[in-house]
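A.B. asks: Sequence and predicted model, in that order:
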Amino acid sequence: MTRLTPEQFGIVVRELALMLDAGEGDEFWRVMTMFAQGRFNRQLTEFPAHLQRAFAAAGRRRRKDYTVLLAELPQDAGFNLVTIGNLECDGKSFPLVKLVSLPPASPFATQIPICLTAGIHGDEPDGVLAAHEFARRFARSPALTQSYALTIYPCLNPVGYERLTRENGSGKDLNREFGRASAEPEVRLIEAELRTQTWTGFINAHSDYESFGLYAYAAGPIISERLAKPALFQASGIIPINTDPVIDGHPAELGIINQKFDGSLGPLSKSDPEPFDITLETPNLFALHKRVEAQATAIETILHEYRAVASEGMYL
């Protein structure tokens with residue numbers, strides 16, 4: 001059980017009200033459901049009456065539509081949409097897709113290959129929507145489009161996305177299955193895809209319901225931490241950084257963790273030098289639009305910072 005201080009509970013109440021005002025009904029329902037399930041030391045009866053009424057009116061189940069998500073991908077704005085495989089679950093087919101930025105006009109241009117993944121946990125829509133938002137920002141930025149070949153895997157767990165669950169259709173946490181000869185079809189497709197690619201940088205978009213601030217796993221070479229620090233700083237104008245000395249069971253310093261869980265997703269082919277590997281985490285008790293803005297800002301900062309580091313010949 002996660003224990004919330006009175007101050008933290010007050011933040012949750014405020015953020016839930018923001019979700020309702022912003023029309024984030026699925027997220028409001030998901031957070032209130034966690035309290036109903038007893039994940040926290042606060043009861044539903046402790047919430048203001050209008051939040052209790054809104055939760056009761058939302059019903060006992062919610063589902064999203066993955067086809068709607070695919071239709072909203074910015075594929076006509078600087079990206080091609082490519083299907084890498086199909087998943088079958090509950091009699092439905094779910095195409096697993098990637099967005100690939102368009103090649104430069106000049107055949108002599110050199111672009112840095114970057115990978116962005118999101119939605120490996122179906123109950124973390126902020127990463128999915130931040131990937132969409134960053135794709136739009138990327139396409140509008142000549143500095144980024146000229147510098148990077150960007151590949152985005154915008155939702156790697158479509159069944160979990162529809163069900164609003166962390167796990168996939170067979171109840172597995174996919175982010176503990178990589179590199180373990182997993183039988184999960186999502187993992188097999190993703191591993192087969194990523195083994196054919198060589199990246200200079202790898203960014204994962206996640207969120208954490210137990211955290212009350214931004215943080216990042218920077219588990220690759222030293223440059224991973226060098227890039228993650230300014231990314232968190234820029235995003236902290238939207239959501240504060242988690243400065244706890246231990247986060248998610250790992251030692252942390254100013255929101256940076258220098259290790260990852262076994263079986264978690266990362267670059268599967270190694271280049272020379274080793275690619276930076278950063279996992280961004282937003283606190284998913286905060287309003288969804290704030291989490292999306294914070295993640296998109298952090299991702300954008302990472303790429304701008306890398307341009308500065310590379311131009312100085314400071315690959316660490």
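C.D. replies: Noted; the coordinates are in hand.
A.B. asks: tell me the domain ranges of the protein?
C.D. replies: Split into domains by automatic domain parsing, the chain comes to 6-58, 66-311.
A.B. asks: Give me whichever of the ones you listed is most buried.
C.D. replies: Highest mean neighbour count among those (mean count of other C-beta atoms under 10 Å): domain 66-311, with a mean of 19. For every residue, glycine as well, the C-beta is placed using N, CA and C.
A.B. asks: So what's the gap between stretch 84-99 and the chain middle?
C.D. replies: Chain-centre distance of stretch 84-99: 19 Å, with C-alpha atoms, centre = their mean, to the nearest Å.
A.B. asks: Spatially central residue in the protein, please.
C.D. replies: For the chain, the residue nearest the mean C-alpha position is A205 (2.1 Å; C-alpha atoms, centre = their mean).
A.B. asks: need the strands for the stretch 101-250 of the chain, in chain order.
C.D. replies: With DSSP state E, counting those that start in this stretch, the ranges of strands along the stretch 101-250 of the chain come out as 112-118, 148-153, 201-208, 215-218, 246-247, 250-251.
A.B. asks: Turn those into a markdown table, including mean pLDDT and distance to C89.
C.D. replies: Below are the strands of the stretch 101-250 of the chain laid out as a markdown table (pLDDT from 0 to 100; distance: least, C-beta to C-beta, whole Å):
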| stretch | mean pLDDT | distance to C89 |
| --- | --- | --- |
| strand 112-118 | 96 | 19 |
| strand 148-153 | 96 | 18 |
| strand 201-208 | 96 | 22 |
| strand 215-218 | 97 | 29 |
| strand 246-247 | 96 | 33 |
| strand 250-251 | 95 | 32 |
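A.B. asks: Quick check: end-to-end length of stretch 146-158?
C.D. replies: Using C-alpha to C-alpha, to the nearest Å, the end-to-end distance of stretch 146-158 comes to 31 Å.
A.B. asks: Check the offset of the lengthiest helix in the chain from the chain's centre.
C.D. replies: If you go by DSSP state H, the chain has its longest helix at helix 288-311. Offset of helix 288-311 from its chain centre (C-alpha atoms, centre = their mean): 12 Å.
A.B. asks: Same check on stretch 48-65?
C.D. replies: That offset, for stretch 48-65, works out to 25 Å (C-alpha atoms, centre = their mean).
A.B. asks: next one: stretch 165-172
C.D. replies: On C-alpha atoms, centre = their mean, the centre of stretch 165-172 falls 17 Å from that of its chain.
A.B. asks: ok, now stretch 44-60?
C.D. replies: From the chain centre to the centre of stretch 44-60 is a distance of 28 Å (C-alpha atoms, centre = their mean).
A.B. asks: which residues are contacting it?
C.D. replies: For stretch 44-60, contacts defined as C-beta atoms under 8 Å, 6 or more residues apart in numbering pick out 9, 13, 16-17, 20, 25, 28-29, 32, 35-36.
A.B. asks: Likewise for stretch 23-39?
C.D. replies: Contacts for stretch 23-39 (C-beta under 8 Å, 6+ apart): 1-2, 12, 16, 19-20, 40, 42-44, 47, 51, 54-55, 58-59, 62, 64, 123, 125, 164, 209, 284-285, 287-289.
A.B. asks: circling back: flag whichever of the domains of the chain has the least confidence on average.
C.D. replies: Averaged per stretch, pLDDT over the domains of the chain is lowest on domain 66-311, reaching a mean of 93.
A.B. asks: circling back to that earlier point, just the C-alpha atoms of the longest helix of the chain, please, in PDB.
C.D. replies: Presented in PDB, the C-alpha positions along helix 288-311 are these (Å, rounded to 0.1, in the frame of the first residue of the first chain):
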ATOM      1  CA  LEU A 288      -2.900  13.800 -17.900                       C
ATOM      2  CA  HIS A 289      -2.400  17.000 -20.000                       C
ATOM      3  CA  LYS A 290       0.400  18.100 -17.600                       C
ATOM      4  CA  ARG A 291       2.100  14.700 -17.800                       C
ATOM      5  CA  VAL A 292       2.000  14.800 -21.600                       C
ATOM      6  CA  GLU A 293       3.400  18.300 -21.700                       C
ATOM      7  CA  ALA A 294       6.200  17.400 -19.300                       C
ATOM      8  CA  GLN A 295       7.200  14.300 -21.200                       C
ATOM      9  CA  ALA A 296       7.100  16.000 -24.600                       C
ATOM     10  CA  THR A 297       9.200  18.800 -23.200                       C
ATOM     11  CA  ALA A 298      11.700  16.400 -21.700                       C
ATOM     12  CA  ILE A 299      12.100  14.400 -25.000                       C
ATOM     13  CA  GLU A 300      12.500  17.600 -27.000                       C
ATOM     14  CA  THR A 301      15.200  18.800 -24.500                       C
ATOM     15  CA  ILE A 302      17.100  15.500 -24.800                       C
ATOM     16  CA  LEU A 303      17.400  15.900 -28.500                       C
ATOM     17  CA  HIS A 304      18.400  19.600 -28.400                       C
ATOM     18  CA  GLU A 305      21.000  18.900 -25.700                       C
ATOM     19  CA  TYR A 306      22.400  16.000 -27.700                       C
ATOM     20  CA  ARG A 307      22.900  18.300 -30.700                       C
ATOM     21  CA  ALA A 308      24.900  20.600 -28.400                       C
ATOM     22  CA  VAL A 309      27.000  17.800 -26.900                       C
ATOM     23  CA  ALA A 310      27.700  16.300 -30.300                       C
ATOM     24  CA  SER A 311      28.700  19.600 -31.800                       C
END
